[in-house]
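*Asks:* just a sequence and a predicted model for now, questions to come.
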Amino acid sequence: MKSSDIQARKHAAAEFLQLVIAGKFDEAYGKYVDMDGRHHNVFFQAGFTTLKKAMAENHVQFPDKKLTIKNIIGDDDLVAVHSHLMFKSGEKGMVVVHMFRFKDDKIVEMWDYGQVIPDDSPNKDGAF
């Protein structure tokens with residue numbers, strides 16, 4: 001695979017997440033997601049339609065959430081995005097990793113994982 005293809009997928013994954021955070025679900029899913037694909041979030045029923053609806057509901061609950069991308073790794077058809085997610089201003093937030101599998105220029109599979117950043121972490125290096 002050409003490095004330009006991997007770079008394009010990394011850009012697509014980052015832009016998809018930023019559009020979702022901005023509440024632009026139709027644009028994000030229309031541009032980047034194969035709606036026949038799969039997600040693996042264990043809290044929602046299968047299918048990207050269900051995940052899109054859940055993301056929209058979360059946006060209503062937390063309209064000011066912020067996602068700061070820290071690292072993006074791409075290898076062949078997989079892209080992983082490591083980010084800092086804050087639902088409300090002033091909170092420590094979460095470490096999140098979204099992993100996407102692409103077919104051509106569309107996301108066909110997605111995994112997401114999160115870890116809350118505790119107020120009293122013994123790790124002085126911090127979450128990032």
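*Replies:* Thanks, I have it. Residues are numbered from 1 along each chain as shown.
*Asks:* report all helices and strands that the helix or strand harbouring L17 contacts.
*Replies:* Here L17, judged by DSSP states H and E, is contained in helix 3-21. Counting by 3 or more Cβ pairs under 8 Å, 6 or more residues apart in numbering; DSSP states H and E, the packing neighbours recorded for helix 3-21 are helix 25-32, strand 66-75, strand 78-86, strand 94-103, strand 106-116. Where C-beta positions appear, they are placed from N, C-alpha and C, glycine not excepted.
*Asks:* will you turn those into a markdown table that also has distance to F48, mean pLDDT and mean neighbour count?
*Replies:* Below are those laid out as a markdown table (distance: least, Cβ to Cβ, whole Å; pLDDT from 0 to 100; neighbours: other Cβ atoms under 10 Å):
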| stretch | distance to F48 | mean pLDDT | mean neighbour count |
| --- | --- | --- | --- |
| helix 25-32 | 7 | 98 | 16 |
| strand 66-75 | 19 | 97 | 14 |
| strand 78-86 | 16 | 98 | 19 |
| strand 94-103 | 12 | 98 | 19 |
| strand 106-116 | 8 | 97 | 16 |
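*Asks:* the ones you listed into JSON lines, with extra columns for distance to V60?
*Replies:* Shown next, in JSON lines, are the helices and strands packed on helix 3-21 (distance: least, Cβ to Cβ, whole Å):
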{"stretch": "helix 25-32", "distance to V60": "11"}
{"stretch": "strand 66-75", "distance to V60": "16"}
{"stretch": "strand 78-86", "distance to V60": "17"}
{"stretch": "strand 94-103", "distance to V60": "19"}
{"stretch": "strand 106-116", "distance to V60": "19"}
